[in-house]
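> Next come a sequence and a model predicted from it.
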Amino acid sequence: MSDTRVWKTCVGAIVNLIEEAAFKFTGEGVRMRAMDPSHVALVDFDLPAKAFDEYEVSKPVVLGIVLVELNKIMSRAKSEDSLILEFEEEKNRLSLVFKGRSSRRFNLPLVDIKESELPEPKLQFGATVRVLGEIIQDGLRDAEVVGDTVRFEANESGFFMYSEGDGRSVELKLEKGSEALAKLEVRQPSRAMFNVKYLSDMLKAADMKDFITINLGTDLPIKLDFPIAGGEGRLSFILAPRIESE
């Protein structure tokens with residue numbers, strides 16, 4: 001790939017939730033779906049072959065990768081570098097080459113991950129919104145100032161974020177028609193509360209100028225969809241709600 005940011009950004013966000021994952025490389029592209037150890041969050045990574053400048057997979061292969069180690073390597077990528085991924089089967093390792101003004105090769109040993117394929121959860125969301133990433137990031141930073149949870153709400157008038165704790169509170173409003181709210185589709189008014197830290201970790205995958213698709217239901221998990229590789233690929237997160245006490 002001519003742009004290392006796809007892997008650098010995605011791995012940098014996923015590593016906050018899961019320590020290791022099984023990436024499946026097929027002729028169609030790369031897929032990975034995994035849950036965090038507490039079973040609160042699910043990660044779904046899909047990067048099709050067309051997102052690569054060159055892509056050659058002779059047979060499907062599953063590579064078990066320690067994400068902490070991969071993240072350390074990706075942190076060494078420079079903005080002008082291109083990235084080459086090579087599976088060295090005889091040595092059971094993944095080779096990563098950064099090509100820029102110099103060529104640098106890192107070798108990462110693979111691990112055996114015994115994990116059954118996770119089905120995609122079937123959820124009936126009440127609302128779908130597309131919000132500018134910068135707005136959600138600001139809202140979460142605001143929420144962190146007053147508490148450890150944040151409530152998302154969508155209704156016919158707009159999209160809202162609330163947080164409160166120890167007498168303090170903060171509110172973010174995006175009214176219908178706002179340029180930062182590209183889509184507001186409300187089948188039924190929806191609201192749910194979530195852990196701020198989990199959401200902040202997920203938002204590390206967002207470009208501030210990209211629009212994030214949020215699927216929301218009342219006291220249901222939230223689904224966040226991030227466009228990656230110029231919209232060719234997708235990174236999704238599903239996060240369980242914190243049920244509000246009466």
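It's in.
> okay, CA-based contacts and neighbour counts for the rest of this
Will do.
> Show residues contacting the longest helix along the chain.
Identified as the longest helix of the chain according to DSSP state H is helix 133-146. Helix 133-146 is contacted by residues 149-150, 161-166, 168-170, 172, 180, 196, 199-200, 203, 206-212 when judged by C-alpha atoms under 8 Å, 6 or more residues apart in numbering.
> please redo it, this time with the cut-off set to 6 Å
163-165, 168, 208, 210-212 (C-alpha atoms under 6 Å, 6 or more residues apart in numbering).
> Rebuild the residues you listed as CSV, extending it with neighbour count.
CSV is the format used below for the contacts of helix 133-146 (neighbours: other C-alpha atoms under 10 Å):
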residue, neighbour count
Ser163, 25
Glu164, 18
Gly165, 13
Arg168, 10
Met208, 16
Asp210, 17
Phe211, 23
Ile212, 25
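> wait, what's in contact with Val43?
Contacts of Val43 by C-alpha under 6 Å, 6+ apart are 33-34, 236-237.
> Specify which member of these is nearest to Glu89.
Relative to Glu89, the closest of the contacts of Val43 is Arg33; by C-alpha to C-alpha it sits at 22.5 Å.
> and that closest one, what element?
Using DSSP states H and E, the element containing Arg33 is strand 29-35.
> strands paired with the next helix or strand after that strand, and their directions?
Beyond strand 29-35 in the direction of the C-terminus, DSSP H and E gives the next helix or strand as strand 41-48. Sheet pairing of strand 41-48 (DSSP bridges) gives strand 29-35 (antiparallel), strand 233-239 (antiparallel).
> which element follows strand 41-48 toward the C-terminus?
Assigned by DSSP H and E, the successor of strand 41-48 is strand 61-66.
> Show me how far that following strand is from its chain's centre.
19 Å (C-alpha atoms, centre = their mean, to the nearest Å).
> could you check the angle strand 29-35 makes with it?
Between the axis of strand 61-66 and that of strand 29-35 there is an angle of 50 degrees, by axes from the mean of the first three to the mean of the last three C-alpha atoms, to 10 degrees.
> Let me see the domain layout of this structure.
The chain breaks down into these domains under automatic domain parsing: 5-109, 127-239.
> Settle this for me: Ala182 is touching Thr128, isn't it.
No: in terms of C-alpha atoms under 6 Å, Ala182 does not count as a neighbour of Thr128; the distance is 10.6 Å.
> between these two, who's got more neighbours?
For Ala182 versus Thr128, neighbours defined as other C-alpha atoms under 10 Å are more numerous around Thr128 (20 against 15).
> Which residue comes closest to that one once chain neighbours are left out?
Spatial nearest neighbour of Thr128, excluding adjacent residues (C-alpha to C-alpha, 6 or more residues apart in numbering): Asn215 at 4.6 Å.
> quick one: which helix or strand includes the one you found?
Using DSSP H and E, Asn215 falls in strand 211-216.
> Pull the residues that contact that strand.
Contacts of strand 211-216 (C-alpha under 6 Å, 6+ apart): 125, 127-133, 222-226.
> TSV please, covering the residues you listed and showing pLDDT, distance to His39 and secondary structure.
TSV is the format used below for the contacts of strand 211-216 (pLDDT from 0 to 100; distance: C-alpha to C-alpha, whole Å; DSSP: H, G, I helix; E, B strand; the rest coil):
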residue	pLDDT	distance to His39	secondary structure
Phe125	96	20	coil
Ala127	98	24	strand
Thr128	98	24	strand
Val129	97	25	strand
Arg130	97	26	strand
Val131	96	26	strand
Leu132	95	28	strand
Gly133	92	25	helix
Ile222	97	14	strand
Lys223	97	15	strand
Leu224	97	17	strand
Asp225	95	19	strand
Phe226	93	21	strand
